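1. This is a predicted model, with the sequence first.
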Amino acid sequence: MSGPSYTTDLVDIDLCEAGGKTWAEPLASGWTLGAAPASNDDDAIQGSLSMSKAFNAQGVGGMMVNNGAGITLPTDGAFLGWFLWACPASLYSDADGGIRIMVGTDLSNFLSWDVSGSTSYVYGGWINFAVNTTIAPDDTVGTGLGNSQYCGAAVNNFNSIFKGSPFVSDAYRYGRCEARISGGEAANYATFAGFAAVNDALAARWGLIQAVAGGYLWKGLITLGYGAVVDFRDSNAMIIVDKNVKKVTANFNKIEIRQVGSRVDWTNISFLALGTVSRGRLEVIDDADVNISTCTFTDMDTFIFKANSTLLNSTFRRCGLITQGSAVFTSCTFDSPTVANGGILSNNPANISYGNFISDGAGHAIEINTPGTYAFNGNQFTGYGATGTTDAAIYNNSGGVVTLNIGGGGSSPTYRNGTGASTTINAGQVTLTLTGLIVNSEVRVYSHGTITELAGIEDSGTSFAYSYTYTSGTYVDIVVHKADRIYYRIDNYLLGNADASLPVSQQFDRQYSNP
C-alpha cells in the first residue's frame, strides 16, 4: 500500500485572488448598506487576497459573487464561505440575523439564512460557514432561489464603523464537503493530522478538518477508503464537530468507512458535538477491519457498525441509535442514549459484554431484533424501569423467543416484549474454584457465621468448583479438612461478581498418627 492520500470534492466558486470573479452589492432594497466590495491584501484567510467592504452604516449590507453559471448542490452538501467581521459587538444577535449567508439567481433575487450574530460570534475571527439550500431560509428576496448562480454574505449591524473595512469574505466553494482519505502504510498511516496539514495549507483552507487549539474542528463528510483501501490509525486526539452548521441537513456531518480491505484503528480519540442540527454520524459501509479502543463519543448522532468492528472500553454519552451489525462491544459505557427503543439495536447480544448501561430516565438500553439464545456476560444496568415498562432495560422486538443466559457477574436486566416476542432471563452463575487441594479432602462452604451448608464434597480431587448466583455483599465460610492435614478454614470470604480461583495450601499435621 502507498502513503496516504488527502483530497476533497470541493469546487471553487471564487478564491478572491487577482483575476477572479465579480463581486457586487445586492441590488435589493434593504440589503445595500456599506460600501462596494473591494480587493483586500491585508486580511486574507486563503491565498493572498480577499474581498472586503467598508461599513459606515447601520442596518443590512452584503456582497455576492457571480459564479457565471448555475450551481447544483449535491445531496447533503453545502455552500462554504469564509467570513470575518472586525467588530463583533456591533452586530445584531443571531436571532436578528447578525450574520447571513445568501444564495440566489442574481443580485435582486436570492434567499438568505441567519447563521450567526453577536450571540455566538462573541470573539470574532475567521469562520467557515455552511448552508444547504434545501433548508428553509430566514429571508426571501425577490423571487428567491433560481439557479444558485450567486452567493455571498451579509451583516446586520447597529453601530456604524468609521475606520477600515470590517466586513471580509474569502474562498467561496460548494460540494458534498467531503474529506477523501485513502492509502496509508506502516510508519505512514493516514491520520487526522495528515488531512489537517493539507486542509490548512494557505492555498487550500478547505474548512473540513481544521487544526485548532487542543484538537481538530470537523465538518462535512469524511470518507475513509475513498476509491481505494485506507489504513487509518490515530490516537490521543480531540475531534470537535463544528457547530457553525446550523443551516445544513442532519446527514451533513458524517464519517463513512469504505472498502472491505480497509483498516481503521482509533485509540483514545474523543469526539464532541457542540451543535444540534448535524451532530455527526458514523457508518461502516463496507465490512472493514475497524478497531475502536478507549474512545469517547459525546452528543453525537447515529452509529452503524458491521461484523469486523470491535469496540473496547469506549463511551457513548448522550448519543443516538447504535446499530450493532454483529460488531463486538466489550467493557463499553452507554450513558443516557437519546433513543426511546434502545441505545443499541442488537442482532447478537452475545457480542455485547461487560457493558455499563446508564438510563437517561426514559427508553430502553438495548433493542434486540433477532430471536435466539445468547450468553450475556457482565453487563450492568442503572436507572432502568421494571419489566414490562417502556423504560425496561431490554426491549425484545424480535417477534420471537429470546433467552439471555446471564454470566460474568452481570445483573439480570428487566425487559419488555414487543409483538409476538417472549423473553427468558436465566440468572447468571459465577464460579469460585478452590485449587491446590490434596486429593480426597473434605470441602464445605457455609453461609457466613452459620452452619447452613451451601456446597461441599466428601472426597475432592485437586480442585473444587462452587457455583452460585451472584448477589452483592454475600460472605461465606470455607472449610477444608483431611485427616493428615492441619484443619484449613477461611472465614468471612466475600463472593465476587466474576469467576475466580482461590489457592488452598494444606499443611501436613505433624501430630497426626495413623491408627
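-> Noted; the coordinates are in hand.

2. going forward, measure contacts between C-alpha atoms and count neighbours the same way
-> Will do.

3. is residue 85 in a bridge, and if so with what?
-> residue 167 (DSSP bridges).

4. Determine the number of other residues adjacent to it.
-> Residues contacting residue 85 under the criterion other Cα atoms under 10 Å number 23.

5. Residue 176 too?
-> The number of residues packed near residue 176 is 20, by other Cα under 10 Å.

6. And residue 128, by the same measure?
-> 22.

7. hang on, residue 194 is in a helix, isn't it?
-> Yes - judged by DSSP: H, G, I helix; E, B strand; the rest coil, residue 194 forms part of a helix.

8. What separation do you get for it and residue 6?
-> As for residue 194, its distance to residue 6 is 8 Å (criterion: Cα to Cα, to the nearest Å).

9. just the helices in the stretch 151-300 of the chain please.
-> For the stretch 151-300 of the chain, applying DSSP state H, counting those that start in this stretch gives helices covering 192-199.

10. how does this structure divide into domains?
-> 11-175, 178-372+386-395, 436-503 (automatic domain parsing).

11. got TSV for those domains, with mean pLDDT too?
-> TSV is the format used below for the domains of the chain (pLDDT from 0 to 100):
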stretch	mean pLDDT
domain 11-175	95
domain 178-372+386-395	97
domain 436-503	89
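
12. closest to residue 401 out of those domains?
-> Of all the domains of the chain, domain 178-372+386-395 sits nearest to residue 401, with 5.3 Å by Cα to Cα.

13. Relative to the whole chain's centre, how far out is that closest one?
-> With Cα atoms, centre = their mean, to the nearest Å as the basis, domain 178-372+386-395 stands 4 Å off its chain's centre.

14. how long is that domain end to end?
-> The first residue of domain 178-372+386-395 is 37 Å away from its last residue (Cα to Cα).

15. After the biggest strand by length in the chain, heading C-terminal, what element do we hit next?
-> Among the segments of the chain that qualify as a strand by DSSP state E, the longest is strand 422-435. Counting by DSSP states H and E, the next helix or strand C-terminal to strand 422-435 is strand 442-447.

16. between that following strand and strand 422-435, how big is the angle?
-> Strand 442-447 and strand 422-435 are oriented at 130 degrees to each other (axes from the mean of the first three to the mean of the last three Cα atoms, to 10 degrees).

17. after strand 442-447, next one along is what?
-> Scanning forward in sequence from strand 442-447 by DSSP H and E, the next helix or strand is strand 453-457.

18. what angle separates the helix or strand following that next one from strand 422-435?
-> Using DSSP H and E, the helix or strand that follows strand 453-457 in sequence is strand 463-469. When the same axes, to 10 degrees is applied, the directions of strand 463-469 and strand 422-435 differ by 150 degrees.

19. Which one, of the domains of the chain, ends up nearest to residue 421?
-> Closest among those, using Cα to Cα: domain 178-372+386-395, at 8.4 Å.

20. in the longest strand of the chain, what counts as buried?
-> Neighbour counts over strand 422-435 (16 or more other Cα atoms under 10 Å) mark 422, 423, 427, 428, 429, 430, 431, 432, 433, 434, 435 as buried.
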